[in-house]
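Trainee: need a 3D model of the sequence below.
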Amino acid sequence: MVERENTLASFLAAKENGVDGIEFDVRRTCDGALIVHHDSRCAGQAISETRQRDLPAYVPTLDDAMAACEGVTVNVEIKNSRKRSETTYDETGALARQVVRHLQQIGWADRVIISCFDQATCAAVRSFDAEIALGWAVEKFDLVVALTQAHILGFTAVHPQFRGLSEEVMAMARELDLDINTWTVNSKSGLTSVANLGVNGIITDDPRRARAIIAEASLD
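Mentor: Residues are numbered from 1 along each chain as shown. Here you go, the predicted model:
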């Protein structure tokens, strides 16, 4: 059975499949609640303009999501960008601060990776916590430039789309002491490639299949 993404059922199913970590997306409702959902809209409503209690019951709070993910590493992606598909953009750093402070309060700050496609949001996260693991997610971006900027800004990792990876990129990441966690890798060729490159983390939609393919590749 395939579970709905970003739900408690999907997190529990992932753990049953033996994953090392779980990635999900966090947003803020108009009444200030931190909830987990990929898209800016849910059931036809803009999440940024909707109260938490008015969202469908399957949309978990950040607290509930973290509790469901107990025992594995969690990649909390802050959804904050200027894309036209988004209904709001926080340029004050308030969302980043709220997420960081909340993770600190519930004892997850040393077991989580925060990520975001928005570099300014990543920089805000770093300003609120100098030690928390922090990955800048990038797409269609020069990875040499991304790695250089991430190093200068004190990030922990870069999270690139897997097709841009190469041995040269991995060598540079190691030289700069940056992790590479790549997304979203589902094909056999892609999984084999990134495994052979030695990436630190792989985000996939089918972890059981990915594990089998990677194990097979390691035997070749």
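
Trainee: name the helix or strand of this structure that has the lowest mean pLDDT.
Mentor: helix 207-219 (a mean of 88; mean pLDDT, DSSP states H and E).

Trainee: tell me where this structure has helices.
Mentor: Along the chain, counting by DSSP state H, helices occupy 8-16, 62-68, 94-105, 119-128, 143-152, 167-175, 188-197, 207-219.

Trainee: neighbours of the nearest residue to Leu34 once chain neighbours are set aside, how many?
Mentor: Using C-beta to C-beta, 6 or more residues apart in numbering and skipping residues adjacent in sequence, the residue nearest Leu34 is Leu62, 4.0 Å away. Any C-beta I mention is one placed from the backbone N, CA and C, and that applies to glycine too. Residues lying near Leu62 (other C-beta atoms under 10 Å) number 22.

Trainee: what pLDDT does Leu62 get?
Mentor: With respect to pLDDT, Leu62 scores 98.

Trainee: can you check Gln98 too?
Mentor: Per-residue confidence (pLDDT) for Gln98: 98.

Trainee: give the contact list for it.
Mentor: Counting by C-beta atoms under 8 Å, 6 or more residues apart in numbering, Gln98 touches Arg28, Gly32, Leu34.

Trainee: over to Ile203?
Mentor: Contacts for Ile203 were tallied using C-beta under 8 Å, 6+ apart; they are Glu23, Asn75, His159, Asn181, Thr182, Trp183, Thr184, Val185.

Trainee: switch the cut-off to 10 Å
Mentor: For Ile203, the contact set (C-beta atoms under 10 Å, 6 or more residues apart in numbering) comprises 21-23, 75, 77, 115, 137, 159, 162, 181-186, 210.

Trainee: for Ala210, same thing?
Mentor: Neighbour list for Ala210: Asn17, Val19, Val185, Asn186, Lys188, Gly190, Leu191, Val194, Ala195, Ile202, Ile203, Thr204 [criterion: C-beta under 10 Å, 6+ apart].

Trainee: can you state the direction angle for the least confident helix or strand of the chain and helix 8-16?
Mentor: Here the directions of helix 207-219 and helix 8-16 differ by 30 degrees (axes from the mean of the first three to the mean of the last three C-alpha atoms, to 10 degrees).

Trainee: buried sites along helix 207-219?
Mentor: Buried residues in helix 207-219, defined by neighbour count with 16 or more other C-beta atoms under 10 Å: Pro207, Ala210, Arg211, Ile213, Ile214.

Trainee: just the C-alphas of stretch 190-206, formatted as PDB.
Mentor: What follows is stretch 190-206 as a C-alpha-only set of coordinates in PDB (Å, rounded to 0.1, in the frame of the first residue of the first chain):
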ATOM      1  CA  GLY A 190      20.500   6.800 -10.800                       C
ATOM      2  CA  LEU A 191      20.700   4.900  -7.500                       C
ATOM      3  CA  THR A 192      23.700   2.900  -8.700                       C
ATOM      4  CA  SER A 193      25.500   6.100  -9.900                       C
ATOM      5  CA  VAL A 194      25.000   8.100  -6.700                       C
ATOM      6  CA  ALA A 195      25.900   5.100  -4.500                       C
ATOM      7  CA  ASN A 196      29.200   4.700  -6.500                       C
ATOM      8  CA  LEU A 197      29.900   8.400  -6.100                       C
ATOM      9  CA  GLY A 198      29.700   8.000  -2.300                       C
ATOM     10  CA  VAL A 199      27.100  10.500  -1.500                       C
ATOM     11  CA  ASN A 200      26.200  11.000   2.200                       C
ATOM     12  CA  GLY A 201      22.400  10.600   1.800                       C
ATOM     13  CA  ILE A 202      19.900   9.600  -0.900                       C
ATOM     14  CA  ILE A 203      16.300  10.800  -0.900                       C
ATOM     15  CA  THR A 204      14.000   8.300  -2.700                       C
ATOM     16  CA  ASP A 205      10.300   7.500  -3.000                       C
ATOM     17  CA  ASP A 206      10.900   3.800  -2.600                       C
END
